[in-house]
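Engineer: 3D model of this:
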Amino acid sequence: MCQGQAGGVIRRYYDQQPEAEWGRLERHRTEFAVTLRALEEHLPPPPAKVLDCGGGPGRYAIELARRGYEVTLFDLSAGCLQMARERAAEAGVTLAGYEQGTATDLARFPDETFDAVLLMGPLYHLLGEKERRQALAEARRVLKPGGPLFAAFISRYAPLRYVAIREPTWPLEQPERLEMLLTTGILPPRGVEGPEFVAHFAHPTEVIPLCRGEGFEIVTVLGVEGLVSMIEEQVNALSGEAWDAWVDLNYRVARDPSIHGCVEHLLVVAVKPRWQAVLRRVARQLNQAGVAYKVVGGASAALHGVPILVKDIDIEMDAEDVYRFQALFADHAIEPVALREGETYRSHFGRFDFEGVAIEVMGDLQRREGENWVPTAATTETTVDLDGVPVRVSWLEEETLAYIRRGRLNRAAQCLPHCDHGRLLALLRGERATGVL
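Structural biologist: As a prediction, this is how the structure comes out:
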């Protein structure tokens, strides 16, 4: 079945029963409460602009609007959008917009429109990985640098836990669908009369690589039902301090990966890296000015695909070019370039701040060897495309050896699986010169 046909089934499912989706989060109070805790912790303060993409009848959109956020609700279902209008009016809040469409096409919104994006529905109704990646890519495009993404998935074994309670003979009655679920995570449409839930159920091991693959840095992954998935009725009936205690407990354990295979929903909290937008702008100007440079360190490793969080950007160049860098970005200097010497390294060093992202530049970097100073800057170079801008970086293999030399073995271990074996051997054998050893 093609994506368009599946989309039609999903649209009809929600058009025919928008009230069921609204009431679902009343029945599953823990999911709603834990998700709100995540939003409270990671959203920028109101009145930030939020896109609730696939937000259905607007439970989260209306709650965030009540808290002062400027929320645009976007959904495939006209029925859900109509209910959202009604519920917003009842709540006395105003949403910034009600837009109908598919999460794989957000072309009506310009780049970097929103301070945060909620993608808490579409990813489990897009049956193909290509479509899921497209939805993430569109969310990233419309998200401002540094903004958070909240992406929800239904876990692989949730439907089996569901039928164990309600339809225990289902594995015998539907062996083909059981096998498809176990091997692909997909339950496709059956062509039956009435509403039909069609979804992709994600294995916990696939959600982080999927989001990272579309350029997001992962903050955390939460199992939002916590400890009470499928056994929540007594807890959901609580109120006051008892209810608050269970919300606290479930939010505390939601990060524990040991429960992620036994909850119904996984919530990935990620960010569109601010450092990438800064580096893209800086690299474009350096390229245009003809300044020779190489991005090294953690940013270089991340650009090569190593899943690490980048705290700042390190750039190496020769002494002449480091002063040209300073001339280009003088307004950003917080530690002007000068020859600086420590116990181990010396260079023409400067520190710059770009919207909270630190860039450290080093010209003619040297390290101490006994009584002498020897060059230790990266000698290898390649380019990585960063959203259409070529960025000059050192080889990942040279970065890995530099980490080993500095005793940062954990970081080297993160890099090694991504290294090219031939390049690494060429450096170790001395067939390719390197200054880091």
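
Engineer: C-alpha from now on. contacts and neighbour counts both.
Structural biologist: Will do.

Engineer: For Ala283, which non-adjacent residue is closest in space?
Structural biologist: Excluding the flanking residues, the one nearest Ala283 by CA to CA, 6 or more residues apart in numbering is Val391, at 6.0 Å.

Engineer: SS state for that neighbour?
Structural biologist: strand (DSSP: H, G, I helix; E, B strand; the rest coil).

Engineer: Need the residues that contact the longest strand belonging to the chain.
Structural biologist: When the chain is parsed with DSSP state E, its longest strand is strand 357-369. Residues outside strand 357-369 that contact it (CA atoms under 8 Å, 6 or more residues apart in numbering): 274-275, 278, 311-322, 343-353, 373-377.

Engineer: and the longest helix anywhere in the chain, average pLDDT?
Structural biologist: For the chain, the longest helix by residue count, based on DSSP state H, is helix 274-289. Helix 274-289 shows a mean pLDDT of 97.

Engineer: what comes up buried for it?
Structural biologist: Arg274, Trp275, Gln276, Ala277, Val278, Leu279, Arg280, Val282, Ala283, Leu286 (16 or more other CA atoms under 10 Å).

Engineer: Which of the residues you listed sits closest to Trp246?
Structural biologist: Comparing the buried residues of helix 274-289 against Trp246 with CA to CA places Arg274 closest, at 35.0 Å.

Engineer: surely the closest one meets Arg140?
Structural biologist: No: in this structure, Arg274 is not within contact of Arg140 by CA atoms under 8 Å, at 11.7 Å.

Engineer: what ranges do the strands span in the stretch 251-400 of the chain?
Structural biologist: 265-271, 294-296, 312-317, 333-341, 345-354, 357-369, 372-375, 382-386, 389-393 (DSSP state E, counting those that start in this stretch).

Engineer: would you list these in TSV and tack on mean pLDDT?
Structural biologist: Compiled in TSV, the strands of the stretch 251-400 of the chain are given as follows (pLDDT from 0 to 100):
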stretch	mean pLDDT
strand 265-271	98
strand 294-296	97
strand 312-317	98
strand 333-341	97
strand 345-354	97
strand 357-369	97
strand 372-375	95
strand 382-386	96
strand 389-393	98
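
Engineer: JSON lines please, covering these and showing distance to Leu227 and mean neighbour count.
Structural biologist: Output for the strands of the stretch 251-400 of the chain, formatted as JSON lines (distance: least, CA to CA, whole Å; neighbours: other CA atoms under 10 Å):
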{"stretch": "strand 265-271", "distance to Leu227": "12", "mean neighbour count": "25"}
{"stretch": "strand 294-296", "distance to Leu227": "43", "mean neighbour count": "25"}
{"stretch": "strand 312-317", "distance to Leu227": "37", "mean neighbour count": "20"}
{"stretch": "strand 333-341", "distance to Leu227": "48", "mean neighbour count": "15"}
{"stretch": "strand 345-354", "distance to Leu227": "42", "mean neighbour count": "20"}
{"stretch": "strand 357-369", "distance to Leu227": "38", "mean neighbour count": "21"}
{"stretch": "strand 372-375", "distance to Leu227": "55", "mean neighbour count": "14"}
{"stretch": "strand 382-386", "distance to Leu227": "41", "mean neighbour count": "14"}
{"stretch": "strand 389-393", "distance to Leu227": "45", "mean neighbour count": "20"}
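
Engineer: Would you format those strands as TSV with distance to Ala48 included?
Structural biologist: Compiled in TSV, these are given as follows (distance: least, CA to CA, whole Å):
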stretch	distance to Ala48
strand 265-271	15
strand 294-296	33
strand 312-317	25
strand 333-341	29
strand 345-354	21
strand 357-369	21
strand 372-375	48
strand 382-386	27
strand 389-393	29
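
Engineer: Ok, which of these comes nearest Asp244?
Structural biologist: Nearest of these (CA to CA): strand 265-271, 20.4 Å.

Engineer: contacting residues around the closest one?
Structural biologist: 31, 35, 42, 120, 145-155, 204, 207-208, 211, 216-225, 260.

Engineer: Given that strand, what are its sheet partners and their directions?
Structural biologist: strand 148-154 (antiparallel), strand 217-223 (antiparallel) (DSSP bridges).

Engineer: mind checking the end-to-end distance for stretch 61-74?
Structural biologist: Separation of the first and last residues of stretch 61-74 by CA to CA, to the nearest Å is 10 Å.

Engineer: Not counting that stretch itself, show me its contacts.
Structural biologist: So stretch 61-74 is contacted by 46-56, 58, 81, 84, 87-88, 91, 93-101 (CA under 8 Å, 6+ apart).

Engineer: give me that answer again for 6 Å
Structural biologist: 46-54, 95-100 (CA atoms under 6 Å, 6 or more residues apart in numbering).

Engineer: Quick one: buried ones out of the residues you listed?
Structural biologist: Lys49, Val50, Leu51, Asp52, Cys53, Gly54, Leu95, Ala96, Tyr98, Glu99, Gln100.

Engineer: need those residues in JSON lines with distance to Thr184 and pLDDT, can you?
Structural biologist: Below are the buried ones among the contacts of stretch 61-74 laid out as JSON lines (distance: CA to CA, whole Å; pLDDT from 0 to 100):
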{"residue": "Lys49", "distance to Thr184": "36", "pLDDT": "98"}
{"residue": "Val50", "distance to Thr184": "32", "pLDDT": "98"}
{"residue": "Leu51", "distance to Thr184": "30", "pLDDT": "98"}
{"residue": "Asp52", "distance to Thr184": "28", "pLDDT": "98"}
{"residue": "Cys53", "distance to Thr184": "25", "pLDDT": "98"}
{"residue": "Gly54", "distance to Thr184": "23", "pLDDT": "96"}
{"residue": "Leu95", "distance to Thr184": "38", "pLDDT": "98"}
{"residue": "Ala96", "distance to Thr184": "38", "pLDDT": "98"}
{"residue": "Tyr98", "distance to Thr184": "34", "pLDDT": "98"}
{"residue": "Glu99", "distance to Thr184": "31", "pLDDT": "97"}
{"residue": "Gln100", "distance to Thr184": "29", "pLDDT": "97"}
